[in-house]
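Asks: sequence? don't have it. structure:
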């Protein structure tokens, strides 16, 4: 969802992968200089565009947090299931944790949440850990994951059950705001309207670019 400060937090979760959008996926892959094949049909979040205060987010610069939120993106969650066991086992845990997150915010009068990016130099890797060719080819269209909690995508249900069902909702990377006001665009890289890419700093993944002339 758009991260504009005046938007309400709503209990919605974006689907993690979009299928059968080969032409759009191929266009994105070519734009990143990657080889395009007949099965390049994965899209991050179904191809929807994310924005903070009107500036488009480059999700490839974001890092997944708890496997369901993105650094630098307000009020947004996504769901990806397991690839070796039932997909919906993890999707159910994500929905449960998101409900707890919204309840935590409502009880304290918060209206927005945002994940701070991991520390500079924190190692990362592709979001997907399976070796299918279509997943490897599309890896550059997706956010990254870290190598340790809470930035790592778990592959075991018991690990996610502890993290998403039993561990506290709030921890250090997650920030809450009670009455958000219009804020300056965060530091980092984003595509401006028209497809341009502008770098405004270093160390932040998933940030938005400053307005022209800033």
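Replies: Structure received. Just so you know, these numbers come straight off a predicted model, no measurement behind them.
Asks: contacts and neighbour counts: CA atoms only from here.
Replies: Will do.
Asks: ok, and what's touching the strand or helix carrying residue 159?
Replies: Per DSSP states H and E, residue 159 falls inside helix 157-160. With contact meaning Cα atoms under 8 Å, 6 or more residues apart in numbering, helix 157-160 is reached by 89-90, 93, 154.
Asks: So which bits of the helix or strand just after it are buried?
Replies: Counting by DSSP H and E, the next helix or strand C-terminal to helix 157-160 is strand 174-177. Neighbour-count burial for strand 174-177 flags residue 176 (criterion: 16 or more other Cα atoms under 10 Å).
Asks: In the sheet, which strands lie alongside strand 174-177, parallel or antiparallel?
Replies: strand 112-115 (antiparallel) (DSSP bridges).
Asks: Leaving out the residues flanking it, which one is nearest to residue 68?
Replies: residue 78 (5.0 Å; Cα to Cα, 6 or more residues apart in numbering).
Asks: Would you mind giving both backbone torsions of the one you found?
Replies: phi -140, psi 160 (degrees, to the nearest 10).
Asks: Give the bridge partners for it, please.
Replies: residue 14.
Asks: Which pLDDT value goes with it?
Replies: We have a pLDDT of 94 for residue 78.
Asks: Near it, how many other residues are there?
Replies: Using other Cα atoms under 10 Å, residue 78 has 21 neighbouring residues.
Asks: Compute the distance between it and residue 93, please.
Replies: 12 Å (Cα to Cα, to the nearest Å).
Asks: same deal with residue 145?
Replies: In this view, residue 145 and residue 93 are 18 Å apart by Cα to Cα.
Asks: neighbour count winner among these two?
Replies: Taking other Cα under 10 Å, residue 145 and residue 93 do not tie; residue 145 has more neighbours (25 against 20).
Asks: Test my guess that that one contacts residue 122.
Replies: No - with contacts counted by Cα atoms under 8 Å, residue 145 stays clear of residue 122, the gap being 10.2 Å.
Asks: how about the strands in this structure?
Replies: With DSSP state E as the criterion, the chain has strands at 14-15, 17-18, 43-44, 51-52, 55-56, 64-65, 69-70, 78-79, 112-115, 124-126, 144-146, 174-177, 189-191, 197-199.
Asks: Looking at the last one now, give me its mean pLDDT.
Replies: Looking back up the chat, that one is strand 197-199. So the average pLDDT for strand 197-199 ends up being 32.
Asks: How about the first one?
Replies: With pLDDT averaged residue by residue, strand 14-15 scores 48.
Asks: Let's see the distance spanning stretch 113-123 from one end to the other.
Replies: 24 Å.
Asks: Just the buried ones among the contacts of helix 157-160, please.
Replies: By 16+ other Cα under 10 Å, those give 90, 93, 154 as buried.
Asks: how close does the residue lying closest to the last one once chain neighbours are set aside get to residue 146?
Replies: Closest residue in space to residue 154, ignoring its immediate chain neighbours: residue 160 at 6.3 Å, by Cα to Cα, 6+ apart. Note on residue 160: its distance to residue 146, by Cα to Cα, is 15 Å.
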